[in-house]
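Participant: Pasting the sequence and the predicted coordinates here, then a few questions.
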Amino acid sequence: MTSVWSDPFLYGVCYYPEHWHPSRHASDIARMADAGFNLIRLGEGAWAYWEPDEGRYQFEQFDKVIDLCKRHGLKVIMGTPTYAGPAWVARKYPEVLRWNYERVPMQHGSRRHYNYTSPKYLELSDKLCTALAQHYANEKQIIGWQLDNEFNCHMEVSYAPSDTIAFRRWLREKYETLERLNDAWGTRFWSQTYDDWEQIELPHPTPTWQNPTQLLDETRFISDCVVRFAKRQRDILKRHNASWVITHNGLFPNIDGRKLVREALDVYCHDQYPLFWKPGEWPGYAAKLQEARSLSFPYGILEQQSGPGGQMGYLLRTPRPGEMRLWAWQSIIHGANLLSYFRWRTCPYGAEQHWHGLLDPDDKDNRRLAEARQVGQEIKQLPSLFFQAPVARAVAVMRDFDNEANDRRINTYTKGGQWEHGRWIAELGRRHVPTDVVWPDSSLDDYRVLIAPHLKIVDDALVSKLTAFVHGGGTLVLGAQSGLKDRNAHLHEMTPPGPLAGLAGVEAEDWTTLAEDDARDARLAAGPSLSLTTFVERLRPAGAEVIGIWAAGDPLLADAPAVTRHRIGAGTVYYVGGYATAAAVAALVDAVIDPGLAVVDAPPEVEAIARAVDGRTFVALLNHSGAERRVRGLRGVRGGASDLVGGSAVGPDGSLALPPYGVAIIG
């Protein structure tokens, strides 16, 4: 895989010169270089510095810092500072403010209080981006730009008057006529029919449930507003320097990540904060990295957790010695070829004064800086070939923007069941089976198994893609409620799973929802019982064989088919008539996944990633436990291969002992 960066690996830190007296800048930059960094991220929060008064721009402080970076060999990624503006913007132009669902404007005093549809906000953003692009067009130290910062973080909706106007315009572009809109939205129900575009509003408080397709279109509209805003900034920057790499940091609610990357970015970057998960639940933070590489590979990490994080409402725990290094390597082995810690020094004031960086406010060297230095030295020990090597493919878990919006906003009765894809990712990770996230437009080449648990919304293109995958020899796993709806969120007038019935070889004869704490058991013909939740189905085979039967106790289900297997073409389709708990997923993995796909034989606290290129295989191992763990059966690595970063000895039987929070890369 070809990187968009000129360096095999960029290793850096976030720095905010506007937070510190200029007398500290020279020392800070020198210490960063001494720590082994070759990259610095600047500027995304500095609108008040760049433009202290409307139309008056200043650059001197950042120019001097960039000169220091040049002297010490640090390249720069600059941020467009449009997510947190100065007070004069909100005071002078209140029409730029986001409004919440109750139509209350969000005032100046935090961040992310602007809306993407305000003509004045777009004008001010364009002018600021243009001023920055013009000033730095020939600055060779700047290699790329981060657009804004964490689109839709904190508040992923806006209901200002300009948003309603933009929504109507978006609908006219999409549907062209009111007749088509009324048909798509099913407005004949409850006399919701529109005969004038001005009658249409964004969702607002109503006595009862709202139009499902309107909610789905609102989510698509919000995403498109973000994408268009990002593309405006990208186009301005590229006009002034086409060689700049354009990126963004993070995927937050109501954004179609595939579309954002495709239309506005050169590479995707992610902000990785493992401490938001419980200690030891490493598959949770690995899942965010699997999502990142599904959007671009290689990807980058613009904010990597370095210390305990906290804002005014919470304070997370402190990383134990070795954990910060472990997490950095986790980001790298999944496919990052850029990693930047957040942040250089903890800011002693403001809403994130408890969000600790590499250094504490006392500015003294500490163990976190020492770990960062160690990672930098270890990165240099890896051949550049490693960073080009694709991650091994075996199993894919499919996600879909429309389906996730449907689960979140329309079929909310599914509750926790909607996160079943995460349970599959976690279980496969603990078993060291190579697993990726894919999307309906992703390539499915080289995958042997595809998990698509509950795709309620399907269209002809997706059905054709799944059919081709199975007929080509793949194994597909489907679950309850598959194939219920079309892309307008209308129910297919077919017996479920609707357009997928022929592929699955089964129909849902009857069904029931279950209370949140309720479950039904299904007995597999070979293996344990499955505990299924949320929404369960009584199945009727239509070509598939029955491999699981509902247990007695519920007259709707008792002794009826619960799980089926359909051999079709060169492949196989499994259909599970319910939502799987973590234990049920484990049992299904036993039934569906070839254990020979595992990279290593290791305890579940160990994470294993295989990467291969040009005939050379690398196996990366991470011990997420505070105790030593032993790995056996290293597969695919050349004879005599050694640990490239930790110096651990690989035994003649392919075994290796990993110390607490230890890292090894064999290749």
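Facilitator: In hand now; what should we look at?

Participant: Secondary structure element holding the residue most central in space within the chain?
Facilitator: For the chain, the residue sitting closest to the mean C-alpha position, by C-alpha atoms, centre = their mean, is Glu291 at 4.2 Å. Glu291 is part of helix 282-295, with elements assigned from DSSP states H and E.

Participant: Kindly report the same for His135.
Facilitator: helix 119-136.

Participant: Could I get the average pLDDT for stretch 492-505?
Facilitator: In this model, stretch 492-505 carries a mean pLDDT of 98.

Participant: how far does that stretch stretch from start to finish?
Facilitator: 17 Å (C-alpha to C-alpha, to the nearest Å).

Participant: now swap in stretch 151-169 and tell me
Facilitator: End residues of stretch 151-169 are separated by 22 Å (C-alpha to C-alpha).

Participant: With stretch 339-359 instead?
Facilitator: Span of stretch 339-359 from end to end, C-alpha to C-alpha: 17 Å.

Participant: Check which residues of that stretch are buried.
Facilitator: 339-347, 352, 354-359 (16 or more other C-beta atoms under 10 Å). All C-beta atoms are positioned from the backbone trio N, CA, C, and that covers glycine.

Participant: what's the answer for stretch 205-222, then?
Facilitator: Result for stretch 205-222 [16+ other C-beta under 10 Å]: buried residues Asn211, Pro212, Thr213, Gln214, Leu215, Leu216, Asp217, Glu218, Thr219, Arg220, Phe221, Ile222.

Participant: Return the subset of these lying in helices.
Facilitator: Pro212, Thr213, Gln214, Leu215, Leu216, Asp217, Glu218, Thr219, Arg220, Phe221, Ile222 (DSSP state H).

Participant: give me the low-pLDDT residue ranges for the stretch 51-200 of the chain?
Facilitator: The stretch 51-200 of the chain contains no residues with pLDDT under 70.

Participant: which residues in it form strands?
Facilitator: Ranges of strands within the stretch 51-200 of the chain are 75-79, 142-146, based on DSSP state E, counting those that start in this stretch.

Participant: so what pLDDT did the closest residue to Gln418 other than its chain neighbours get?
Facilitator: Excluding the flanking residues, the one nearest Gln418 by C-beta to C-beta, 6 or more residues apart in numbering is Asp407, at 3.9 Å. In this model, Asp407 is scored at 94, pLDDT.

Participant: Met1 now?
Facilitator: On the pLDDT scale, Met1 gets 61.

Participant: do Gly636 as well
Facilitator: For Gly636, the model assigns a pLDDT of 57.

Participant: now Gly615
Facilitator: Confidence score, pLDDT, at Gly615: 89.

Participant: Which phi and psi values does it adopt?
Facilitator: phi 80, psi 0 (degrees, to the nearest 10).

Participant: repeat for the one 10 residues further on
Facilitator: Recorded main-chain torsions at Ser625 are phi -110, psi 150, according to degrees, to the nearest 10.

Participant: Let me know whether it touches Pro279 as I believe.
Facilitator: No: using C-beta atoms under 8 Å, Ser625 makes no contact with Pro279, being 9.9 Å away.

Participant: the more surrounded of those two?
Facilitator: Ser625 (19 against 14; other C-beta atoms under 10 Å).

Participant: Enumerate every residue touching the nearest residue to that one once chain neighbours are set aside.
Facilitator: Excluding the flanking residues, the one nearest Ser625 by C-beta to C-beta, 6+ apart is Glu605, at 3.9 Å. By C-beta atoms under 8 Å, 6 or more residues apart in numbering, the contact list for Glu605 reads Gly280, Trp282, Asn623, His624, Ser625, Arg629.

Participant: who's in contact with the third one?
Facilitator: Applying C-beta under 8 Å, 6+ apart, we find Asn623 in contact with Leu326, Glu605, Val606, Arg629, Leu658, Pro659, Pro660, Tyr661, Gly662, Val663.

Participant: And the pLDDT for the fifth one?
Facilitator: Confidence at Leu658, expressed as pLDDT, is 95.

Participant: Any idea how many residues pack against it?
Facilitator: Leu658, neighbours per other C-beta under 10 Å, totals 25.

Participant: Show me what it bridges to in the sheet.
Facilitator: Arg629 (DSSP bridges).

Participant: just the third one next, same as before
Facilitator: Val606 has the following beta-bridge partners by DSSP bridges: Asn623.

Participant: Please tell me how far it sits from Pro283.
Facilitator: Per C-beta to C-beta, to the nearest Å, Val606 is found 12 Å from Pro283.

Participant: Over to the fifth one?
Facilitator: Distance, Leu658 to Pro283, by C-beta to C-beta: 17 Å.

Participant: all helices for the stretch 251-400 of the chain, in order.
Facilitator: 257-264, 282-295, 323-333, 367-379, 384-388 (DSSP state H, counting those that start in this stretch).

Participant: Could you list the residues in contact with the longest one?
Facilitator: Translated: helix 282-295. So helix 282-295 is contacted by 251, 257-258, 261, 268-270, 272-274, 276-278, 299, 327, 330-331, 334-336, 391, 399, 422, 425-427, 429-430, 435-439, 442, 605, 607, 622, 624 (C-beta under 8 Å, 6+ apart).

Participant: Now a ChimeraX select for only the buried ones of the residues you listed.
Facilitator: To isolate the buried ones among these in ChimeraX, judged by 16+ other C-beta under 10 Å, type:
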select :251,257,258,261,268,269,270,272,273,274,277,299,327,330,331,334,335,336,391,399,422,425,426,427,429,430,435,436,437,438,439,442,605,607,622,624
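
Participant: Which parts of the chain belong to which domain?
Facilitator: 395-597, 606-666 (automatic domain parsing).

Participant: Of all those domains, which one comes closest to Gly310?
Facilitator: domain 606-666 (21.9 Å; C-beta to C-beta).

Participant: picking that back up, between the ones in helices among the buried residues of stretch 205-222, which sits nearest Tyr83?
Facilitator: Of those, the one sitting nearest to Tyr83 (C-beta to C-beta) turns out to be Ile222, at 15.7 Å.

Participant: correct me, but the closest one touches Tyr159?
Facilitator: No: contact between Ile222 and Tyr159 fails when scored by C-beta under 8 Å: they sit 10.6 Å apart.

Participant: can you count the residues close to the nearest residue to Ala90 once chain neighbours are set aside?
Facilitator: For Ala90, ignoring the flanking residues on the chain, the nearest one in space by C-beta to C-beta, 6+ apart is His108 at 3.8 Å. Look at His108: counted by other C-beta under 10 Å, it has 17 neighbours.

Participant: cool, Ala137 as well?
Facilitator: Around Ala137 there are 13 residues (other C-beta under 10 Å).

Participant: cool, Asp445 as well?
Facilitator: Neighbours of Asp445 (other C-beta under 10 Å): 8.

Participant: what's the nearest residue to it if we skip its chain neighbours?
Facilitator: Arg393 (8.0 Å).

Participant: per-residue pLDDT, the one you found?
Facilitator: In this model, Arg393 carries a pLDDT of 97.

Participant: Quick check: the gap between the residue nearest to Ala90 and Pro298.
Facilitator: Distance from His108 to Pro298, by C-beta to C-beta: 38 Å.

Participant: Just give me how far the helix holding Glu291 sits from the chain centre.
Facilitator: 6 Å (C-alpha atoms, centre = their mean, to the nearest Å).

Participant: pLDDT of it, averaged?
Facilitator: 97.
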